[in-house]
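Novice: Sharing a model prediction with you, sequence too.
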There are 2 protein chains.
Amino acid sequence: MRPDDEPSIDPSHPRFQSLKRRQRLVSAFKDGIVVPEGLIAQGRGEMFDYLLGEETPAPALIAEQAAAALLLLSKRPAISVNGNLAALCPEEIASLSKATDAVIEVNLFHWTKGRAKLIRESLEAHGARNVLAENPDALLDGIHHDRAKCHLKGIFSADTVLVPLEDGDRACALVDMGKKVISIDLNPLSRTTLCATVSIVDEVTRALPNIVRFSNDLAGDEKRMSRIIDSYDNARTLKAIYGQIADRFVKLAKI
Amino acid sequence: MRPDDEPSIDPSHPRFQSLKRRQRLVSAFKDGIVVPEGLIAQGRGEMFDYLLGEETPAPALIAEQAAAALLLLSKRPAISVNGNLAALCPEEIASLSKATDAVIEVNLFHWTKGRAKLIRESLEAHGARNVLAENPDALLDGIHHDRAKCHLKGIFSADTVLVPLEDGDRACALVDMGKKVISIDLNPLSRTTLCATVSIVDEVTRALPNIVRFSNDLAGDEKRMSRIIDSYDNARTLKAIYGQIADRFVKLAKI
């Protein structure tokens, strides 16, 4: 986020990418964009990424292609952005919004108007347009308090919502409201992953550029998009992910 | 760390121990002992602990006994302490140092002299003696920058080093320098775990008291210590851990 303030991480460190992500979050934490709970959530994600070998698993790639097709075919796609996501990949959010003509909505589990503003400004500084943030004017069904806040012109009226790093309660509420939900969540067992229409089990800074590439690749070819969506089986994708993690440990146990 | 300052957590909460650990870290974070990156690392550890069922797996107990024997039989054992460890279990570090006659060295991935001093003072307040901290006078081989800093009378000249919660680069550098390395790391796939001589895959506040108990139990009985070390097979220990996790995911993949 603010390269001048960041102590340098040695690029020769074998886990450079992961350390860089961690540093981005800490920097955004100091800026007030990320809350302490977000740091712990990042740690949880890192652990699941280890189980996947810190690379996009093949089944996730299939989910990412389906996500691109679904966003492109939707009439009112929306991208939900929280503090961690804004800290990790603001450029990619802007690119995806452009590629799929999706509205961006800042959606915070720990809501404050000030933080929503900070995140909007950071996204705009990275090229994002059409960002809804400080003045939510609608409520999600079945969710209490601040966490229900959303925008009438954004998530509330969207037909498809991309929810990277989303709370399980909210993801399920969106599904219950009849929306198609695309999750990006490294936890293959989270409620968000289990309830989504398309569940991407991958790290967000790898997943978003993949979805952008697939979107650019598919743009204009509606037949191909429909074929991709018709043949996509989310339950099969998840089983393949579980199987992959199981295989790894079974092999390790036998070496 | 500072019981008076801590809001009370309900001891009947099913995850009381875990919440208490988290609270200790947050308190030490406010004191400047723990860095934000340390909170992320704690989150990662918590998730791996979930995979293990939040209790010491049987294979880890065997590793903990071998660790005690190895520390007792070493001529110059050293305990490496970072911010998270100092926050979580300062008394246990002091006890283990006494039980095994090991020097304590404060070793920080994010080094500042001020933080090294704070940690030394906190350890001393909890009964630790013989703590090397602010004035490192040697460098680890093959590591760049601040992360190579260590003490001539501590880790640099040690024959066995206990590295709880250690960075992979540094743990491997110690092994490359010909030292015996005992890791405590909940990540069964980390480079630290994979390169250590004795890899303890367990949570530190459970592992350290176990090692202290084994040390007190073994003290003076060199024959038994040698027998334990001769029969200890680290690869077998890790395989047993992987097998335990594999079983869990194999079940999930079949659901």
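Specialist: That came through fine.
Novice: Could you report the pLDDT at the residue positioned nearest the centre of chain A?
Specialist: Centroid-nearest residue in chain A: A:Pro164, 1.9 Å away (criterion: Cα atoms, centre = their mean). pLDDT recorded at A:Pro164 is 96.
Novice: same deal with A:Arg2?
Specialist: pLDDT at A:Arg2 comes out at 36.
Novice: same question, A:Leu123
Specialist: 97.
Novice: host element of it?
Specialist: Assigned by DSSP states H and E, A:Leu123 falls within helix A:113-125.
Novice: and that helix, what other elements does it pack with?
Specialist: helix A:83-88, helix A:90-100, strand A:103-106, strand A:131-132 (3 or more Cβ pairs under 8 Å, 6 or more residues apart in numbering or on different chains; DSSP states H and E). All C-beta spots, glycine's among them, are computed from the backbone N, C-alpha and C.
Novice: Reformat these as JSON lines; add mean neighbour count and mean pLDDT.
Specialist: Listed next are the helices and strands packed on helix A:113-125 as JSON lines, based on neighbours: other Cβ atoms under 10 Å in any protein chain shown; pLDDT from 0 to 100:
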{"stretch": "helix A:83-88", "mean neighbour count": "26", "mean pLDDT": "95"}
{"stretch": "helix A:90-100", "mean neighbour count": "22", "mean pLDDT": "97"}
{"stretch": "strand A:103-106", "mean neighbour count": "24", "mean pLDDT": "98"}
{"stretch": "strand A:131-132", "mean neighbour count": "23", "mean pLDDT": "98"}
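Novice: Please name whichever of those is nearest to B:Ser199.
Specialist: B:Ser199 lies closest, by Cβ to Cβ, to one member of the helices and strands packed on helix A:113-125: helix A:83-88, at 30.8 Å.
Novice: Distance from the chain centre to the closest one, please.
Specialist: 10 Å (Cα atoms, centre = their mean, to the nearest Å).
Novice: shouldn't A:Ser226 be in contact with A:Leu72?
Specialist: No: using Cβ atoms under 8 Å, A:Ser226 makes no contact with A:Leu72, being 10.4 Å away.
Novice: So which of the two has more stuff around it?
Specialist: Shown here are A:Ser226 and A:Leu72; by other Cβ atoms under 10 Å in any protein chain shown, A:Leu72 has more neighbours (24 against 12).
Novice: Could you report the pLDDT at the more buried one?
Specialist: Listed pLDDT for A:Leu72 reads 98.
Novice: helix or strand for A:Ala78, which one?
Specialist: Assigned by DSSP H and E, A:Ala78 belongs to strand A:77-81.
Novice: Which residues does that strand contact?
Specialist: A:71, A:93, A:96-97, A:100-107, A:119, A:123, A:154-155, A:158-164, A:166 (Cβ atoms under 8 Å, 6 or more residues apart in numbering or on different chains).
Novice: now stretch A:33-43
Specialist: Here stretch A:33-43 has contacts from A:1, A:21-22, A:25-26, A:28-29, A:82-84, A:86-87, A:109-110, A:115, A:118-119, A:122, A:165, B:22, B:26, B:36, B:39-47, using Cβ under 8 Å, 6+ apart.
Novice: Check the gap between A:Asp217 and A:Arg224 for me.
Specialist: Look at A:Asp217 and A:Arg224: by Cβ to Cβ, to the nearest Å, they are 9 Å apart.
Novice: so how many other residues sit close to the residue of the stretch 1-150 of chain A found nearest chain B?
Specialist: Closest to chain B within the stretch 1-150 of chain A is A:Gly43: 2.3 Å, counting by Cβ to the nearest Cβ. Using other Cβ under 10 Å, A:Gly43 is surrounded by 23 other residues.
Novice: what does chain A put close to chain B?
Specialist: Counting by Cβ under 8 Å from any Cβ of the partner chain, the residues of chain A lying close to chain B are A:7, A:10, A:12-15, A:22-23, A:25-26, A:29-30, A:36, A:39-44, A:46-48, A:50-51, A:189, A:239, A:242-243, A:245-246, A:248-250, A:252-255.
Novice: Mind doing that once more with 6 Å?
Specialist: A:10, A:22, A:26, A:29, A:39-40, A:42-44, A:46-47, A:50, A:242-243, A:245-246, A:249-250, A:252-253 (Cβ under 6 Å from any Cβ of the partner chain).
Novice: so of those residues, which ones are in helices?
Specialist: In helices, defined here by DSSP state H, the members of the residues of chain A next to chain B are A:22, A:26, A:29, A:39-40, A:42-44, A:46-47, A:50, A:242-243, A:245-246, A:249-250, A:252-253.
Novice: Next one, pLDDT for A:Asp202 please.
Specialist: At A:Asp202, pLDDT is 97.
Novice: OK, contacts around it?
Specialist: A:Thr56, A:Ala60 (Cβ atoms under 6 Å, 6 or more residues apart in numbering or on different chains).
Novice: which element is it on?
Specialist: Using DSSP H and E, no helix or strand contains A:Asp202.
Novice: Now do it against chain B, distance only.
Specialist: From A:Asp202 over to chain B the distance is 17 Å, taken as Cβ to the nearest Cβ, to the nearest Å.
Novice: Just the CA atoms of stretch A:176-188, as CSV, please.
Specialist: Taking C-alpha atoms only, stretch A:176-188 is exported to CSV below (Å, rounded to 0.1, in the frame of the first residue of the first chain):
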residue,chain,number,x,y,z
ASP,A,176,-31.5,-17.0,0.9
MET,A,177,-32.4,-13.8,-0.8
GLY,A,178,-32.2,-15.7,-4.1
LYS,A,179,-28.9,-14.3,-5.3
LYS,A,180,-26.2,-16.2,-7.0
VAL,A,181,-23.1,-16.1,-4.7
ILE,A,182,-19.5,-16.6,-5.7
SER,A,183,-17.2,-17.0,-2.7
ILE,A,184,-13.5,-16.8,-2.5
ASP,A,185,-12.4,-18.4,0.7
LEU,A,186,-9.3,-20.6,1.5
ASN,A,187,-11.3,-22.4,4.1
PRO,A,188,-12.8,-25.4,2.3
